[in-house]
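> can you look at this prediction? I've put the sequence above it.
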Amino acid sequence: MNINIPQSYFSKLMRAVVEFELIENGDRILIGVSGGKDSIFLTYALAILRERLKKDFSIAAFTVNPQFDEPFDTDAIAAFCKSLDVSYEVVDVDIAGTIAAQDDKSPCFTCAFFRRGAVNRYAAEHNMNKVAYAHHHDDAVETFLMSLFYSGQLNTFRPKTYLERTNLTVIRPLVYFREQELIDAIRYHGFTPLPSPCPHNGNTTRQTVKELIARLGVENPLLYDHLSAGMREGALGELWPATKTRKEMEKTYRTFMQRA
C-alpha cells in the first residue's frame with residue numbers, strides 16, 4: 001500500500017514527535033483505535049513514520065469493544081490495519097454494563113476509565129512500552145476549558161505522560177492537528193470512520209464546550225488562539241493565593257478580636 005500525507009501534515013506530525021520526544025529506538029507502541037477519524041488517521045500517520053524515520057520502533061493497534069447496544073463491526077478496522085501491515089486485536093469489555101450499574105457517575109468518565117485500563121493492561125501483557133492516543137489540538141483546548149468550568153483547575157492532558165504504576169508512557173502525536181484537518185484527511189484517503197456505538201454520543205459535556213467555543217469564536221476570532229496559548233506553562237499571570245485553612249488564619253484572626 002502506497003501511503004503518504006501532505007507535507008504540511010507531516011510537518012505537524014514531526015513537530016510533535018520532535019518537540020515532545022515521543023518516539024525512541026526500541027519503542028513498542030500500542031495504538032488505541034476506536035474506528036473514528038482520529039484514531040484511524042493516527043494509525044496511518046504512525047505507519048508513515050515507521051517507514052520514514054531513522055528509528056527502530058514497532059506499532060500495533062488495539063480496540064476495546066464497549067458492548068453497547070449499537071452494533072460495532074470492526075472488520076473495516078482490521079482490513080485497514082492489515083493494509084498497513086499493522087497487527088490488530090479487539091477485546092470485549094463490558095463498559096455498557098458498568099455504566100448501567102453506576103448511574104450516579106458520569107458515563108464518559110466511567111467509559112474512559114475502563115477503556116484506559118483495558119488498553120494499559122493489554123500493552124503491559126504484550127510487552128509494549130508506549131500507548132498512543134489520537135487526541136488532537138481541539139481536544140486539548142476543550143479539556144482545558146472543561147477543567148476550569150467543571151473542576152476549578154487550569155489543566156489539560158500533556159503530549160507525553162509517564163504512568164509510573166504501569167511503567168507505560170502515553171504519547172499523543174496528533175496534538176498539533178486541528179480536528180477539521182483530520183476530517184479532511186480521512187475523506188481524502190477514502191476511509192469511512194465507524195459510527196460511535198456510544199448512546200451518549202453528541203450529548204456530552206465535551207460537546208457542550210465544543211459548541212460554546214465555536215459560538216464565542218464567531219464574535220471573537222482570536223478566542224481559540226487565546227485558549228491555546230493559555231494551556232502553556234508560561235501563560236500564568238497573576239492569580240489569587242491558595243485558600244488558607246481555618247488553622248492557618250487563626251493567629252491573624254485573633255489579632256482582630258483581642259485587645260492589645
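That came through fine.
> could you double-check that Thr143 lies in contact with Arg158?
No - with contacts counted by Cβ atoms under 8 Å, Thr143 stays clear of Arg158, the gap being 10.7 Å. Glycine gets a C-beta too; all of them are placed from N, C-alpha and C.
> who has more neighbours out of the two?
Using other Cβ atoms under 10 Å, the more surrounded residue of Thr143 and Arg158 is Thr143, with 17 against 14.
> before we move on, what SS does that one have?
Following DSSP: H, G, I helix; E, B strand; the rest coil, Thr143 is assigned to helix.
> name the nearest residue to it, ignoring sequence neighbours.
Thr156 (4.5 Å; Cβ to Cβ, 6 or more residues apart in numbering).
> distance of Arg165 from Lys130?
15 Å (Cβ to Cβ, to the nearest Å).
> so for these two, which sits in the more crowded spot?
Lys130 (21 against 6).
> please give the element, helix or strand, for the residue lying closest to Arg28 once chain neighbours are set aside.
The shortest distance from Arg28 to any non-neighbouring residue, by Cβ to Cβ, 6+ apart, is to Met128 (4.6 Å). Per DSSP states H and E, Met128 falls between elements, in no helix or strand.
> about what we covered before: any idea how many residues pack against the residue nearest to Thr143?
Thr156: 19 neighbours (other Cβ under 10 Å).
> surely it touches His137?
No - using Cβ under 8 Å, Thr156 makes no contact with His137, being 10.6 Å away.
> common neighbours of those two, please.
Here Thr156 and His137 have no joint contacts, going by Cβ atoms under 8 Å, 6 or more residues apart in numbering.
> now the helices for the stretch 51-200 of the chain?
Ranges of helices in the stretch 51-200 of the chain, per DSSP state H, counting those that start in this stretch, are 75-83, 95-101, 107-125, 137-151, 179-189.
> which of these comes out lowest on mean pLDDT?
The minimum mean pLDDT among these belongs to helix 95-101 (a mean of 69).
> beta partners of Ser58?
Arg28 (DSSP bridges).
> quick one, what contacts it?
Counted by Cβ under 8 Å, 6+ apart, Ser58 has contacts Asp27, Arg28, Ile29, Arg50.
> isn't the second one up against Asn129?
Which is Arg28. Yes - with contact defined as Cβ under 8 Å, Arg28 and Asn129 form a contacting pair (5.5 Å).
> before we move on, back to that, now render the helices of the stretch 51-200 of the chain as CSV, adding distance to Ser39.
Listed next are the helices of the stretch 51-200 of the chain as CSV, based on distance: least, Cβ to Cβ, whole Å:
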stretch, distance to Ser39
helix 75-83, 9
helix 95-101, 17
helix 107-125, 11
helix 137-151, 12
helix 179-189, 10
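> among those helices, which is nearest Leu236?
For the helices of the stretch 51-200 of the chain, the distance to Leu236 is smallest for helix 137-151, at 12.9 Å, taking Cβ to Cβ.
> buried stuff in that closest one?
His137, Asp138, Asp139, Ala140, Val141, Glu142, Thr143, Phe144, Leu145, Met146, Leu148 (16 or more other Cβ atoms under 10 Å).
> what does stretch 117-129 give?
Ala118, Val119, Asn120, Tyr122, Ala123, Ala124, Met128, Asn129.
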